[in-house]
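**Q** Predicted coordinates and the sequence they were generated for:
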Amino acid sequence: ALERAAPPRLARALAVAAARELEEETGLTLAPPGQSAPALEVLDYVCRAVTPRYSPIRFNARFLSAPAEAARGTLAGCGELETLAWMTLEEAAGAALAPITACVLQQFSAIMALPPEARAERPLVCYQGFDQALPERPPAMPQAVRT
């Protein structure tokens, strides 16, 4: 799904960045035992969120997921996150979350409710503002240059 939302080089860069952020912020790695490189193929695209132009804090973020069993290590934060804990989706839904985090978790829950074979073909979503889900536009294809 990430490759449907971004060109291949950007999709790979986003996956590498997500794996790196996971390790930096939680102490967990997606690298299989005995390897140092993360297993990027376990990552799945959830959605994208872009803050409105008028917001004093801006972001254009892509959210990815991985099966819990793909993560190795000891959960230990670097201090950047306020709360770091394993939670079920039900527990997370009842927690005090930033509005966009709640939207992303709802999107993730909707994806997980789909049959596995339907997940790869689902419509992709981009949150504009804090809760307006719009279809994610496919990446623009580079135009051929004539010389």
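**A** Yep, that arrived.
**Q** pLDDT weak spots in this structure?
**A** 130-131, 138-147 (pLDDT under 70).
**Q** can you give me the helices in it?
**A** Per DSSP state H, the chain carries helices over the ranges 2-5, 8-26, 89-93, 99-113, 116-119.
**Q** With distance to residue 51 and mean neighbour count added, can I get these in CSV?
**A** In this view, the C-beta of every residue, glycine as well, is placed from N, C-alpha and C. Shown next, in CSV, are the helices of the chain (distance: least, C-beta to C-beta, whole Å; neighbours: other C-beta atoms under 10 Å):
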stretch, distance to residue 51, mean neighbour count
helix 2-5, 18, 18
helix 8-26, 18, 16
helix 89-93, 21, 12
helix 99-113, 8, 16
helix 116-119, 27, 10
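**Q** Relative to the whole chain's centre, how far out is stretch 36-44?
**A** Put simply, stretch 36-44 sits 13 Å off its chain's centre (C-alpha atoms, centre = their mean, to the nearest Å).
**Q** Please export the C-alpha coordinates of that stretch as CSV.
**A** This file holds the C-alpha atoms of stretch 36-44, laid out as CSV (Å, rounded to 0.1, in the frame of the first residue of the first chain):
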residue,chain,number,x,y,z
SER,A,36,21.2,-5.5,11.5
ALA,A,37,19.0,-4.3,8.6
PRO,A,38,15.2,-4.0,9.4
ALA,A,39,12.8,-6.3,7.6
LEU,A,40,10.9,-3.6,5.7
GLU,A,41,8.5,-6.0,4.1
VAL,A,42,6.7,-6.4,7.5
LEU,A,43,5.6,-2.7,7.4
ASP,A,44,2.2,-1.8,6.1
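**Q** buried stuff in that stretch?
**A** Buried residues in stretch 36-44, defined by neighbour count with 16 or more other C-beta atoms under 10 Å: 38, 40, 42, 43, 44.
**Q** Could you dump these into a markdown table and include distance to residue 129?
**A** Converted to a markdown table, the buried residues of stretch 36-44 look like this (distance: C-beta to C-beta, whole Å):
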| residue | distance to residue 129 |
| --- | --- |
| 38 | 32 |
| 40 | 30 |
| 42 | 31 |
| 43 | 26 |
| 44 | 24 |
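**Q** so of those residues, which ones are in strands?
**A** Counting by DSSP state E, these place residue 44 in strands.
**Q** Brilliant, that's me finished.
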